[in-house]
Each structure stands twice: as structure tokens, then as C-alpha cells.
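Undergrad: Structure here, sequence nowhere to be found:
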């Protein structure tokens, strides 16, 4: 096929380009800005556009499919040209479904834990020698790309994002995938720019449950009240589905690992940190069981899994000191990540540093959702850049607004990279853990 990607430089989009070219398709693309690592990876594959910018002249009747990325705007000149010519324009979730519609599809959904559980599944399947198509939101050790599509595979593991599909498709990405097996990890209101109310956010998960294929399975965390409520609503509407609950294993910290005990009574050891990671293990284990992979096979194959990039990733470690980096940005994830580190290192002090970076987190109306979300640690620091607030065209927020929202009297709020770096340099490095949490890069701080 001849495939053209509008906004080829995006994280997901450039991986689509790499995977499609690897599969033998003729791939072209364009973008007005392409940054690393996308630029280097596209250049190495011979897919980097010769010039930056939108080029309608690249489109012709020979193009079979145009894949439209989120970075493009609705008035994109290439999109306009494609519409004029009557070309087949698809969002990447739509394309991904069309490429996997004859396969067994496993879709991982929820407000948090998606990338980690997807990564766990891919690690186990790889260890067991089972080839699969996949889409995951982080670069994984041992995998060349974040996406694989192969006609010979009969299974697809897809990380299901609830965000918009494309500039002209306001449906959540995961509503395209029609899973045979799905999982919901937890639901916590996010993406306020797309879902202005908590109810509108819940509604897209209701719709997701209804997209599961007839006779399919829904694995779900039975500790999440929002999910339990949705399951209760959905059960009479979907009597054809098998609902499979899972819960957080009990755990006991050891010197260099943790001993966890699952609800079936089996016990194993893991080097992963925190109850949230243990909960993710239980979710991945339940999915594997639905794929006819036994719990004992899972427990054996998961050994050696160290986590996905920026998901409670150990950046620095020496005796008595560990620096973690985590993608956490939603209030529920902040709580879970901090509780996990504190629980795994009961004899250490913990300093948590969180960057307000997303549209939701920098929104004055959403900020109160963070109340008490940084109370588990010994010292709590919040960083944000007022210029980013202006760039997102949001109302100004003050240091006092942030302190009031988090509800912690000793919360430190920092608004410049220079001050942040000074503060980080005086954090103790003995008998201490540091947790850096952001979906961004702390303004380019050397500690990010």
C-alpha cells in the first residue's frame, strides 16, 4: 500500500511510519515540526521529510490511505487536499483496528497503568515465544518500536487511550478497537479540555465497555469505585460478557525485592516497587489467564521485567538512595505512586517532586482535584512554569492557588527551573528516595 502520514513526527505517528515501512508499505509523511527522538529514528529509516512543512503536492490518486495525526489542525492544507481528492483519511486508531480486525484483540484501558500492563503482557508473550501485533505508549527494552503490525500474527495487544482520535474525530481512541479481551485499571477524571465534566469522562468508558466484541471478556480492578459502578450498570446490558475481577496482591518488602501474594494464594518475588505496580501485575496476570497462559507460566515469564520507560523508572541508585522518575500526572496516580514508594521503603524518607504540566493540571478549576494527593511523603514539592500556563491560554494561577488546592501546609511551590535545581541539590542523599513525577520534563531541568 501507499500510505501518507500527516503529522509524521508525533510519538505514535512516527512509530506507525517505521512499522509500516518495515512491513513493506510505501510510506511518505510530513510535519511542520519534528523533534528528537522522532527525527533521528525517521532519518535512519529514510523516512524523514526532506523539508518541514505541509506539502499538499505529495498527495495523489496513488495514495491508498492517509493517516491523520493529532498534531495537525482541522484546516491543514494536506487534509483539505485529501478531502478534495476523496482519499481515504483515517485516524491512527481507525487504521490500527482495520489492520487487526481479523485478530484476537486485547485492549488495555483506564486512567493509569495502561503502559505498564501493556509492557508486562509484551514481556511475557515475548518470553513465551508468542508473536503479537502491539501498540504501546513507551519505548520498551528488547523492542525496536512502539508498534508492530505483521500479517502472520493472530494476536494484537493494544494500549487503549481515551483521548481524541484525530482533529476530525472526537471519539476516544479506544472506541475504535472493539476488543475481544479488555481491561479497565481504574478511572480518575482527566483531560478536562476534552471531558469538561467528570460525567462526560465516565461516559466514554461506558461506551468502551459496549464496544467489546460479543462473548468477550472484561478484566477489571475491583478496588476502584468508579469501575465497580460501571460494571454494575453494564452487567444487565452485556450479559454476553465475562467479567473478571482482580485486586492488589498483599506484599512484604525484602532487602532488594518484595514478596507478593496473589488472591489465589500463590506467592512470588518481584524487583518492581510499589503497590500500584503489584496491582498492575495482577491485572496482567488475569489477562494472560484469559489468553490461556497459566498463572505459573506468567510468574516465571515476568521475571526480569524492570518496567516501562518513565513508569516508576529508577534513574539513580546507590546504597541507601534511589531516584525515581514517573509519568504520573493525574491525582489518583500521584497518590498511588507515592504510596508505593513509601510502602516499599518504610525505613527511608521520601521527597516527591511533581510538575503541573498537562492542560488539566494547570487549569484553575481542576486544581482542587489534587487535594491531599501529596500527603504520603515526607517532603512535597510542586513545580510549574507560568509561561506554560500562558501558552496553553489558561487563566493565571498563583503559588497560593496551588498550595490551597493541594491542602498541605508545608507544600513547596517553585516556578523557575533555576530555583528547582537549587532545591533538588539539597535533598539528602542518604537513607532517602526522590520521586520525580511529570508527563513533561520539568522545564529541561538536569534532574528530569
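TA: Done, it's in. Computed from a predicted structure; not experimentally measured. Residues are numbered from 1 along each chain as shown.
Undergrad: tell me the contacts of residue 363?
TA: 192-193, 394 (C-beta atoms under 8 Å, 6 or more residues apart in numbering). Yep, even glycine has a C-beta here, placed from its N, CA and C like the rest.
Undergrad: Name the nearest of these relative to residue 369.
TA: Residue 369 has its nearest neighbour among the contacts of residue 363 in residue 192, at 8.9 Å by C-beta to C-beta.
Undergrad: Quick one: neighbours of that closest one, just the number.
TA: 20 (other C-beta atoms under 10 Å).
Undergrad: so who does it touch?
TA: 359-360, 363, 365-366.
Undergrad: can you list the residues you listed in CSV and add secondary structure?
TA: Shown next, in CSV, are the contacts of residue 192 (DSSP: H, G, I helix; E, B strand; the rest coil):
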residue, secondary structure
359, coil
360, coil
363, coil
365, coil
366, coil
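Undergrad: Neighbour count says what about the residues you listed? Which are buried?
TA: 359-360, 363, 366 (16 or more other C-beta atoms under 10 Å).
Undergrad: Can I get the contacts of residue 363 in CSV including distance to residue 252 and pLDDT?
TA: Listed next are the contacts of residue 363 as CSV, based on distance: C-beta to C-beta, whole Å; pLDDT from 0 to 100:
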residue, distance to residue 252, pLDDT
192, 39, 85
193, 42, 84
394, 44, 92
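Undergrad: Switch these over to a markdown table; also include distance to residue 103.
TA: Below are these laid out as a markdown table (distance: C-beta to C-beta, whole Å):
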| residue | distance to residue 103 |
| --- | --- |
| 192 | 35 |
| 193 | 33 |
| 394 | 42 |
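Undergrad: Among those, which one sits closest to residue 416?
TA: residue 394 (18.6 Å).
Undergrad: tell me the secondary structure for the closest one?
TA: Residue 394 ends up coil, using three-state DSSP.
Undergrad: what sits against it?
TA: So residue 394 contacts 359, 362-364 (C-beta under 8 Å, 6+ apart).
Undergrad: Equivalent analysis for residue 410, please.
TA: Residue 410 neighbours (C-beta under 8 Å, 6+ apart): 379-380.
Undergrad: what about 10 Å?
TA: For residue 410, the contact set (C-beta atoms under 10 Å, 6 or more residues apart in numbering) comprises 378-380, 403.
Undergrad: Distance of it relative to residue 350?
TA: 14 Å (C-beta to C-beta, to the nearest Å).
Undergrad: so what's the residue nearest to residue 10 when sequence neighbours are not counted scoring on pLDDT?
TA: Distance criterion C-beta to C-beta, 6 or more residues apart in numbering; nearest residue to residue 10, sequence neighbours excluded, is residue 69 at 4.8 Å. Note on residue 69: pLDDT of 95.
Undergrad: shouldn't residue 69 be in contact with residue 167?
TA: Yes: contact status for residue 69 versus residue 167: in contact at 8.5 Å, counting by C-beta atoms under 10 Å.
Undergrad: Please enumerate the shared neighbours of those two.
TA: Joint contacts of residue 69 and residue 167 (C-beta under 10 Å, 6+ apart) are 6-7, 76, 91.
Undergrad: hang on, the earlier thing: out of residue 69 and residue 167, which sits in the busier spot?
TA: residue 69 (23 against 19).
Undergrad: contacting residues for that one?
TA: Contacts of residue 69 by C-beta under 10 Å, 6+ apart are 5-14, 16, 29, 31, 76, 91-92, 166-167.
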